[in-house]
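J.: please find the sequence and the predicted model below.
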Amino acid sequence: MKKVLFVINTLGQAGAETALLELLRKMDSEQYEISLYVLMGQGEMVSMLPDYVKLKNSHFDNRSVLSAEGKGNLKKTVLKALLKRGNVIRKFPYLVRNLCYMIRKRKILIEKLLWDILSEGAERFDEHYDLAVAYLEGGSTYYVANWVNADKKAAFVHVDYEKAGYTRALDQDCYKHFDQIFTVSDEVKMAFEKAYPEYSKKTQVFHNILDCEGIRKRAEENEGFTDEFSGIRILSVGRLTTQKAFEVSIDAMKMLKDSGENVRWYVLGDGDQRKKLEDQVEKLGLQKDFLMPGAVKNPYPYMKQADIYVHASRFEGKSIAIQEAQIIGKPMVVSDCSGNREQVIQDVDGVLCDFTAEAIFQSVRELIHDEAKRKRLGEMAAKKNEDSSMEIQKLLALMEG
């Protein structure tokens, strides 16, 4: 039986983690001995791991990485990694060099600086694997490249490499250690190859594996909205982070209310921008109109019950949330950015708009007043995602030579 190790940064409720769980469910447990190591040792989705997956962490915290308690635990993990093996001293030049670069670029991303230290401070195992898979860029990629013993190694890239803040200096050319690099979309592949043209021959697209039928079934569960609102419901799903840019959506919602629309906007997700966004909502008087109830285990009934899905982010790799909304058949408005434009065809299965509050407002308002278009876009969106279960063969082929 061949041994496969997957490594991911956390198991918090997010798109890449959802895609990984579905990939693990597609693995043949009678043919492969499957292990998972979570670099930060934390995340609420650990309860959803298939029984046959061996969790390698000696200690694991199942609290949300976005909760107050979870954030506190993450800080302790970072501190331990800094002190372990003399990392803070050995890595000091690396930290200073890359921090100075970020300051010059006016884009300071502390988490990117710490991934290498976290990978070096993580647990290590003597086991040898037939295949080791780094399922996320950053920490898990550094860990598999430098600290895992395997015949073959594969790395996944889920984001626009440059826009997400990664650089070759941060990565220290870790990708030379991988036999195959998988990107989740063609645009992500193009962005990665721009940074690493020498690895283009070992880079290919690996589409997210989603359980379409399972998503549709879960959308029928007795959950969803409970506020008995009778107007148009707008839904967004995503973490409250800078990348997702919900402050722009809040401004668009203010325009909708000022124009007299009977709408309510819901955001399912949590993140470090919550307080800032809540202050903006209060300042604009939208406390009853723009609601952020947090992350939920099953967002699909909300998607089904919503009238319009909106995904207006600064950049994407390939959004799992967009794919899920398409599977459920939702008409949608998405920002015209990398990732999104690969998933939505203008006026065929959705609406692409400029990344401004005015453009989002105008696009949403048009759909509010055109029920026939909403129905047509939703029907086309439902046909969008075909079965991608065979994608796994690209990964398994590495072990077969």
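T.: Thanks, I have it.

J.: where does the chain have low pLDDT?
T.: For the chain, the stretches with pLDDT under 70 are 65-89, 91, 95, 101, 113, 385-389, 401.

J.: so the residue of the chain most remote from its centre, which of the three states?
T.: Residue farthest from the centre of the chain, counting by CA atoms, centre = their mean, is Gly260 at 34.4 Å. Classification of Gly260 using DSSP: H, G, I helix; E, B strand; the rest coil returns coil.

J.: what of Asp51?
T.: With three-state DSSP as the criterion, Asp51 reads coil.

J.: re earlier: for the residue farthest from the centre of the chain, what are phi and psi?
T.: Gly260 adopts backbone torsions of phi 90, psi 10, taken as degrees, to the nearest 10.

J.: distance of it relative to Lys244?
T.: To Lys244, Gly260 is 27 Å away according to CB to CB, to the nearest Å. For the C-beta atoms, the positions are set from N, CA and C on the backbone; glycine is no exception.

J.: what's the answer for Ala306, then?
T.: From Ala306 to Lys244 the distance is 17 Å (CB to CB).

J.: residue contacts, Ser232?
T.: No Ser there; residue 232 is Ile. Residues near Ile232 by CB atoms under 8 Å, 6 or more residues apart in numbering: 261-264, 307-308, 368.

J.: now the buried members of those residues.
T.: By neighbour count, with 16 or more other CB atoms under 10 Å, these hold 261, 263-264, 307-308, 368 as buried.

J.: taking those residues one by one, which sit in strands?
T.: Using DSSP state E, the subset of the buried ones among the contacts of Ile232 located in strands is 263-264, 308.

J.: top strand in the protein by residue count?
T.: Under DSSP E, the chain gives strand 149-157 as its longest strand.

J.: surely Ser185 meets Val205?
T.: Yes: judged on CB atoms under 8 Å, Ser185 makes contact with Val205 at a distance of 6.5 Å.

J.: these two: which is more packed in?
T.: Ranked by neighbour count (other CB atoms under 10 Å), Ser185 and Val205 place Ser185 first, with 24 against 15.

J.: which residues touch that one?
T.: By CB under 8 Å, 6+ apart, the contact set of Ser185 is 205, 207, 317-318, 339, 342-343.

J.: tell me the helix or strand right after the longest strand of the chain.
T.: helix 168-171 (DSSP states H and E).

J.: show me what that following helix is packed against.
T.: helix 92-105, helix 110-121 (3 or more CB pairs under 8 Å, 6 or more residues apart in numbering; DSSP states H and E).

J.: so what's the closest residue to Met292 other than its chain neighbours up against?
T.: Distances taken as CB to CB, 6 or more residues apart in numbering place Val267 nearest to Met292, at 4.7 Å, with adjacent residues excluded. The contact partners of Val267, by CB under 8 Å, 6+ apart, come to 235-238, 240, 246, 249, 290-293.

J.: bridged to Val267, which residues?
T.: On the basis of DSSP bridges, Val267 is bridged to Ser236.

J.: gap between it and Lys189?
T.: 30 Å.

J.: could you pull out the strands for the stretch 301-401 of the chain?
T.: Here the stretch 301-401 of the chain has its strands, by DSSP state E, counting those that start in this stretch, at 308-311, 332-335, 351-353.

J.: comparing these, which stretch has the densest surroundings?
T.: strand 332-335 (a mean of 27; mean count of other CB atoms under 10 Å).

J.: pretty sure Tyr302 contacts Pro293?
T.: No: Tyr302 is not in contact with Pro293 according to CB under 8 Å; the separation is 9.4 Å.

J.: who has more neighbours out of these two?
T.: Neighbour count, other CB under 10 Å: between Tyr302 and Pro293, Tyr302 has more, with 21 against 14.

J.: next one: the residue lying closest to the more buried one once chain neighbours are set aside from Tyr300, what distance?
T.: Closest residue in space to Tyr302, ignoring its immediate chain neighbours: Gly224 at 5.2 Å, by CB to CB, 6+ apart. Separation of Gly224 from Tyr300 (CB to CB): 9 Å.

J.: please identify which of those two sits among more neighbours.
T.: Each of Gly224 and Tyr300 has its neighbours counted (other CB under 10 Å); Tyr300 has more, 23 against 17.

J.: got the phi and psi for the more buried one?
T.: According to degrees, to the nearest 10, the main-chain angles of Tyr300 amount to phi -70, psi -40.

J.: returning to what we had before: now do the shared contacts for Tyr302 and Pro293.
T.: Any residue near both Tyr302 and Pro293 by CB under 8 Å, 6+ apart counts here, and that gives 266, 268.

J.: in the stretch 301-401 of the chain, which spans are helices?
T.: 320-328, 340-343, 357-368, 371-382, 392-396 (DSSP state H, counting those that start in this stretch).

J.: please work out which of those is packed deepest.
T.: With neighbours taken as mean count of other CB under 10 Å, the helices of the stretch 301-401 of the chain reach their highest mean count in helix 320-328, at a mean of 25.

J.: can you show me the helices along the stretch 1-150 of the chain?
T.: 15-26, 68-83, 87-90, 92-105, 110-121, 139-147.

J.: give me the angle between the fifth one and helix 139-147.
T.: Helix 110-121 and helix 139-147 meet at an angle of 30 degrees, taking axes from the mean of the first three to the mean of the last three CA atoms, to 10 degrees as the criterion.

J.: which helices and strands does helix 110-121 pack with?
T.: Looks like helix 110-121 contacts helix 68-83, helix 87-90, helix 92-105, helix 139-147, helix 168-171 (3+ CB pairs under 8 Å, 6+ apart).

J.: that one: how far from the chain's middle?
T.: Distance of helix 110-121 from the chain centroid (CA atoms, centre = their mean, to the nearest Å) equals 19 Å.
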